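Colleague: missing the sequence, but the structure's below:
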């Protein structure tokens, strides 16, 4: 029975430490106490994070998503400028347009803004990593000819010789 009460006492000491480390991991630590330990705003006993801390986490996520969308679409745009043979298909251009759209819409709460920016980041990544964009970026036309010509040239020559024989026998 002594072991159970000792474990319970240790748990009561460890839960605040867990909450403190969770806040540090999420980047929501608010203050530094006199003993040098970083602390955060006190919450209700059953809460892990206060509403203010949740808002801080959501703002970090929104900022990260917007930065990700900006970086991804800027990279795709510069690839379009530098690779002359790169042509975007309509569905890729639509994903790019939709990725920018959530930033123009006023949202009622941080949660909905975070959801919209998360969707925008997902759409930007899908546009950037679309197989049609990667195919065109990795293999420009001149390289495609260099790759496929050795494969199809012998077959084409064989077919043309066969057709020549067929027409030669019909002519006789």
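Modeller: In hand now; what should we look at? This one's a predicted model, so the numbers in the text were calculated from it and none came from an experiment. Numbering: from 1, shown residues only.
Colleague: any idea which helix or strand of the chain has the worst average confidence?
Modeller: Least confident helix or strand of the chain, by mean pLDDT, DSSP states H and E, is strand 38-39 with a mean of 46.
Colleague: Show me where the protein has its helices.
Modeller: 2-26, 51-82, 90-100, 110-128, 131-138, 141-171 (DSSP state H).
Colleague: CSV for those, including mean pLDDT and mean neighbour count?
Modeller: In this view, the C-beta of every residue, glycine as well, is placed from N, C-alpha and C. Converted to CSV, these look like this (pLDDT from 0 to 100; neighbours: other Cβ atoms under 10 Å):
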stretch, mean pLDDT, mean neighbour count
helix 2-26, 72, 11
helix 51-82, 91, 15
helix 90-100, 91, 15
helix 110-128, 91, 19
helix 131-138, 71, 13
helix 141-171, 86, 10
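Colleague: Just the pLDDT for residue 30.
Modeller: pLDDT for residue 30: 50.
Colleague: now do the one 5 residues further on
Modeller: As summarised for this prediction, residue 35 has a pLDDT of 46.
Colleague: Check the one 5 residues further on too.
Modeller: Reading off the confidence values, residue 40 has pLDDT 47.
Colleague: With residue 106 instead?
Modeller: If you check residue 106, the pLDDT there is 69.
Colleague: change the start of the numbering to 849 and stick with it
Modeller: Okay, using 849 as the starting number, the last item reads as residue 954.
Colleague: how close does the residue nearest to residue 874 when sequence neighbours are not counted sit to residue 974?
Modeller: What sits nearest to residue 874 in space, not counting adjacent residues and going by Cβ to Cβ, 6 or more residues apart in numbering, is residue 905, at 5.2 Å. To residue 974, residue 905 is 25 Å away according to Cβ to Cβ, to the nearest Å.
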